[in-house]
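Engineer: predicted model and sequence follow; I will ask about them next.
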Amino acid sequence: MYPLSSGQRRLWLVDRLEGASAMYNVPVVTRMRGPLDIERLAAALTDVVGRHEALRTVYAEHDGEPAQVVVPAEEARVDVGLTECGPERADAVVAEHSGHVFDLSRDLPVHAHVVRLAPDDHLLVLVLHHIAADGWSIHPFGKDLAHAYAARLGATAPQWPDLPVNYADYALWQADLLGDPDDPASLLSTELAHWSAVLAELPRELPLPTDRARPRRASHRGASVQLRAGTGPARRVSELARRSGATPFMVTHAALVATLSRSGAGTDIVVGTPVAGRTEEALDDMVGFFVNSLVLRTDTSGDPTFAELLDRVRETDLTAYAHQELPFDRLVEHLRPSRSLASHPLFQVSFTHTTGPEQPLTLPGLRCAPAPTLLEAAKFDLDVTVVDEGPAGLAVRIGYATELFDEATVVDLGERFLRLLDAVTAEPRTRISEVDVLSAAQGELVRDTWPGAPAEPPAGTVLDALDARADATPDERALVFGDITLTCAELRDRVNGYAHALTARGVAAGEVVAVALPRSAESVVAVLGVLRAGSVCVNVTRQDPRAGHLLTDSGAVLVIGESDAYEGLPVLTPGEVSASSRPVAPPAPASAAYVVYTSGSTGRPKGVVVSHRSLANLLRAHREDLLTRLPAGRSRIALTAAFTFDASWDPVLWMLAGHELHVIDDDTRRDAHALAEHVVRERIDVVNSTPSFVSLLLATGLFRREHHPSFLVLGGEPASEELWRALAELPGVDAVNVYGPTEATVDATLAAVRGDEPVIGRPLHGVVARVLDATLSPVPPGVPGELYLSGGSLAMHYLGRPGPTAASFVADPHGEPGTRMYRTGDVVRWNRDGRLAFVARADEQVKLRGFRIEPGEVEAALRALPGVGSAVVVPREYGPGDTRLVGYYTGTAEQDGLRGALTRRLPDYMVPAALVRLETLPLTARGKLDRAALPAPTGDRRPSTSRTPRTDVLCRLFAEVLGLPEVGPGDGFFDLGGHSLLAVRLTLRLRAVLGVDVALHTLFEHATPAALDRVLDSEARTGRPPLRPYTPRPEVLPVSSGQRQLWLTDLVTGAGAAYNLS
């Protein structure tokens, strides 16, 4: 037995971890026309296997260590299977045999099968396992096979010179070359030091524009797309390489890096590339696994020109090639990235640049040509190969993981790469941000069609709508609160009364008036009265501890309220106001209408000033895009939002447009059951609320009642997939999702709730929505970018905050001169039908243990579990540098059951460290989730640390294998320095001590003693007792299975020397 090379050890561990599969097959399919002699082909394959030890090696395990066992040449035979079929079945047969699964402990790593299409037309499917051969090996293998086949056709054995060394010699030599890891002067130590510095703080995953979230465990199902570039780019790649002192590989590598950076991957771009690993001439003609993987890390920050980026890439690549002796698996073991079965460690994108088309296997007397292997396994998220085919130009193949990407997305990415390559090789001094990576069709969509267009501003204000309605239908009910009802005419007269009263109190146009009334119909009247007077309205509540600050900050000169205790300000009470039909001069459309306060990052609320024109724009947009969806006739609309929340304007505007507004009192609007009863009793047609509260309404059974709202408007926060699907499937209910920051006057986009994917939809009439990158350039469809809004709906400014105003309201480089756009801070993407999908807040992304995590993704997985109602996931600091996810949920589900279910849905690094069950999730006065009110988890800092006697045994075994004095029940095996080989040793100790067989992947998924203890009974293969001396022994000892077979042979054939060992 011989040790494995480092590369073989890595593949052996993958085989143990993930189980036998075809992922590391190396299939070669050749179309052969002519008289193929299958018997002699089999003999020739056997000859080649006899020549190359790697092809007749199986892999045993000894004391937890893998070992090569070389099968004697005379015992190594290759059989060639045969299937006779027509062309219609050929692909299926080829795919079946290309996907042949090897048992590395028993099978020779060679499989051959012939598909006979006609007497002189065959497909040869030859499959080598990667543990025995790499891509380079196909050339010496094919040369030797052709030589041996020719000899066998002549009825002789092939004659060839002995190989200088065998693969086992290479494995031993490699170990000597690397030296002792404890010797700081050894090659291994110096290489590890170099790579540790190069890859310090490496991002564990490259953020790619995937179509779906990463599953907990990669399936490795793959597909590929093929693209071509003409001879022009191919020629310019070579010319640029020569001028720059680079290679074509470096040029295309730099282009790929730039493409990924322009596709949302950031500025720290990591790709891997294979290197032949045949650094000694003696290895050139040997079949074996020598290939190594290099990690190439490129910094694209600072918006370099392509020439500057190429300089960076050249330096990166040359340095990497100078340090290529370090085996990739040793690097992974040393760096100890957080282990996950969801993605490849250290890099998820592989890149290769080769020259010349694929060369087929050739056999004498046959016309041979390469044929498709039909095996699509995804080792990486993306596997990019560029082939320079000379006069034919460049061929680009991109393999991809189908569980992450749709084909159209990968095609877009490939075409983006080719466009960028074409542009930068033509003009290398172009900055990568200046390259137009969009196709003409995409450019038209994301620049002109999808963003929407500004509209001419309305001539008047929303008060004109009130007057028009009062004139047209004076006796229609407009406003209802409890037993109080106001007709359209009564509403207008009360509004006019407030305007006259404010003027009489000396309040001038443009001055701020605070409305601080208890929630009632009068609240609506007073707000409209302030606007009618030309003053600026700010809503405050007595219960708000910030009320004093808001009054001071806004510069309010008067308060409409029921007492006089408002920071010494004069007060106008409703009793002092008389209805009046006397008209009031209209306010100027460009003047301020109201101020609404939003939370500030510094803790100091910011006042957003909104003009009459912007509010009128919103009413017009609702008339065009939303109110047309309501049932015919007048609808009864519930106003549930707090008046301090700008969403309260939506129902008020719908009332001005002709509908009946019902103001819901505070106790009812905050209680889902009470609101549901009110909706049924008052026959409410339309409810506008946050997704969090709509989830509670669903749980009350409201939408199963005889009467329920026929129209739902969601807004204020992202909707979960679970809620989205539930609303999409509700019969008799039309639901829409509106999105908009306060700075864009309540609503900016609208989406019908349809399908499975929550979206925020398309811009409302007159709104322009652009998805831009860091240089304010439009991003391609599917690529995340920041949302910028412009058009007539923008607010005027932050009150008294010129700095934040200038930072958030910026010049619009895509609009007319002098126009502005608002930077929302929301990360979104265009989907393929031109609707916007919310991705995250730009500042909500969490990075734990090097992984970038969107808490919303974890929330969606938690909400989807049985027994969970609402859920939210937030990062919490457990100590300096120790940030963990904590999940909060409502419902009946038990925490332990949820944790197990989440580990089956999410990568381990995304599973919350703690789960906290609450009766209800805390909401703010505006109905949004109150994150500040979420309680800290209680109990042990490492939540899953319940101890059993078996947990203590597992802690001892963990410590023993890791060489540590002590391990706690919540300590992670890999966090403490464990790696794949130590994991194998731990499984052996578990078998010996506890009598259980634990699959390697189970240890990866449940990496703490406490977690492993919980799943041992269900995940482990029990019933294998530890090997031990038996005392006392039975009087009659049984024979082993092997002994029984030889005893029976002896009985049947008689005594002989056939089984003697000599």
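Structural biologist: Now that the structure is in, tell me what you want to look at.
Engineer: report the strands that pair with the helix or strand where residue 886 lies, each with its relative direction.
Structural biologist: Secondary structure from DSSP states H and E places residue 886 in strand 882-891. For strand 882-891, the paired strands and their directions (DSSP bridges) read strand 868-879 (antiparallel), strand 914-917 (parallel).
Engineer: send me the last one as CSV with only the CA atoms.
Structural biologist: I take that to be strand 914-917. Extracted C-alpha coordinates of strand 914-917, given in CSV (Å, rounded to 0.1, in the frame of the first residue of the first chain):
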residue,chain,number,x,y,z
ALA,A,914,-30.7,31.0,18.7
LEU,A,915,-34.5,30.8,18.2
VAL,A,916,-36.9,32.8,20.3
ARG,A,917,-40.6,32.1,20.4
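Engineer: and the strands in the stretch 301-450 of the chain?
Structural biologist: Under the criterion DSSP state E, counting those that start in this stretch, the stretch 301-450 of the chain contains strands at 349-355, 367-371, 382-388, 394-401.
Engineer: got a markdown table for the ones you listed, with distance to residue 204 too?
Structural biologist: (Glycine included, C-beta is placed from N, CA and C.) Compiled in a markdown table, the strands of the stretch 301-450 of the chain are given as follows (distance: least, Cβ to Cβ, whole Å):
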| stretch | distance to residue 204 |
| --- | --- |
| strand 349-355 | 13 |
| strand 367-371 | 37 |
| strand 382-388 | 16 |
| strand 394-401 | 17 |
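Engineer: relative to residue 923, which of these is closest?
Structural biologist: strand 394-401 (39.0 Å; Cβ to Cβ).
Engineer: ok, that closest one: who's next to it in the sheet?
Structural biologist: Next to strand 394-401 in the sheet, as set by DSSP bridges, lie strand 222-229 (antiparallel), strand 382-388 (antiparallel).
Engineer: highest average neighbour count across the ones you listed?
Structural biologist: Using mean count of other Cβ atoms under 10 Å, the stretch among those with the greatest mean number of neighbours is strand 382-388 (a mean of 22).
Engineer: return the distance of it from the chain's centre.
Structural biologist: For strand 382-388, the distance from its own C-alpha centre to the chain's C-alpha centre is 23 Å (Cα atoms, centre = their mean, to the nearest Å).
Engineer: other residues contacting that strand?
Structural biologist: Contacts to strand 382-388, defined as Cβ atoms under 8 Å, 6 or more residues apart in numbering, come from residues 208, 224, 234, 237-238, 248, 252, 256, 348-357, 394-401, 405, 410, 413, 417.
Engineer: list buried residues within those residues.
Structural biologist: Among the contacts of strand 382-388, those that count as buried by neighbour count (16 or more other Cβ atoms under 10 Å) are 208, 234, 237, 248, 252, 256, 348-353, 394-396, 398-401, 405, 410, 413, 417.
Engineer: quick one: residue 576 from residue 497, how far?
Structural biologist: Note on residue 576: its distance to residue 497, by Cβ to Cβ, to the nearest Å, is 10 Å.
Engineer: more neighbours, these two?
Structural biologist: The neighbour count for residue 576 versus residue 497, taken as other Cβ atoms under 10 Å, is higher for residue 497 (22 against 13).
Engineer: would you turn the strands of the stretch 301-450 of the chain into CSV with mean pLDDT?
Structural biologist: Below are the strands of the stretch 301-450 of the chain laid out as CSV (pLDDT from 0 to 100):
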stretch, mean pLDDT
strand 349-355, 93
strand 367-371, 92
strand 382-388, 95
strand 394-401, 95
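Engineer: for residue 39, find the nearest of those.
Structural biologist: Closest to residue 39 of those, according to Cβ to Cβ: strand 367-371, at 18.8 Å.
Engineer: give the pairing partners of that closest one; include direction for each.
Structural biologist: Strand 367-371 has its sheet partners listed here by DSSP bridges as strand 25-33 (antiparallel).
Engineer: following the chain onward from the strand it pairs with, which element is next?
Structural biologist: Scanning forward in sequence from strand 25-33 by DSSP H and E, the next helix or strand is helix 38-51.
Engineer: and the helix or strand following that next one, what does it pack onto?
Structural biologist: Of the helices and strands lying after helix 38-51 in sequence (DSSP H and E), the nearest is strand 57-62. In terms of contacts (3 or more Cβ pairs under 8 Å, 6 or more residues apart in numbering; DSSP states H and E), strand 57-62 is packed against strand 65-70.
Engineer: the following helix or strand past the strand it packs on pairs with which strands, and in what direction?
Structural biologist: Read in the C-terminal direction, the helix or strand following strand 65-70 is strand 80-84, with elements assigned using DSSP H and E. Strand 80-84 pairs in its sheet with strand 110-118 (parallel), by DSSP bridges.
Engineer: got the contact list for the partner strand?
Structural biologist: Contacts to strand 110-118, defined as Cβ under 8 Å, 6+ apart, come from residues 36, 38, 41-42, 45, 49, 55, 78-87, 90, 93-94, 97, 100, 102, 122-129, 132.
Engineer: for that strand, which residues meet the burial criterion?
Structural biologist: When burial is assessed from 16+ other Cβ under 10 Å, strand 110-118 yields the following buried residues: 110, 111, 112, 113, 114, 115, 116, 117.
Engineer: quick check, nearest of the residues you listed to residue 772?
Structural biologist: Proximity of the buried residues of strand 110-118 to residue 772 (Cβ to Cβ) peaks at residue 111, which lies at 52.2 Å.
Engineer: dig out what the closest one forms beta bridges with.
Structural biologist: According to DSSP bridges, residue 127 are recorded as the beta-bridge partners of residue 111.
Engineer: try residue 297
Structural biologist: residue 270.
Engineer: contacting residues for it?
Structural biologist: Taking Cβ under 8 Å, 6+ apart as the contact definition, residue 297 lies against 198, 199, 202, 268, 269, 270, 316.
Engineer: from the residues you listed, list the buried ones, please.
Structural biologist: When the contacts of residue 297 are checked for burial by 16+ other Cβ under 10 Å, the buried set is 199, 268, 269, 270, 316.
Engineer: sorry, back to before: buried subset of the contacts of strand 110-118?
Structural biologist: Buried members of the contacts of strand 110-118, scored by 16+ other Cβ under 10 Å, are 36, 41-42, 45, 49, 55, 78, 80, 83, 90, 93-94, 97, 100, 102, 122-129, 132.
Engineer: what sits closest to residue 86 if chain neighbours are left out?
Structural biologist: Counting by Cβ to Cβ, 6 or more residues apart in numbering, the nearest residue to residue 86 once its immediate chain neighbours are dropped is residue 117, at 7.0 Å.
Engineer: closest to residue 646 out of the buried residues of strand 110-118?
Structural biologist: Within the buried residues of strand 110-118, the smallest distance to residue 646 is 67.3 Å, found for residue 111 (Cβ to Cβ).
Engineer: and that closest one, what pLDDT?
Structural biologist: For residue 111, the model assigns a pLDDT of 96.
Engineer: which secondary structure elements does the longest helix seen in the chain contact?
Structural biologist: When the chain is scanned for its longest helix (criterion: DSSP state H), the result is helix 407-426. Judged by 3+ Cβ pairs under 8 Å, 6+ apart, helix 407-426 is in contact with strand 222-229, helix 231-244, helix 248-260, strand 382-388, strand 394-401.
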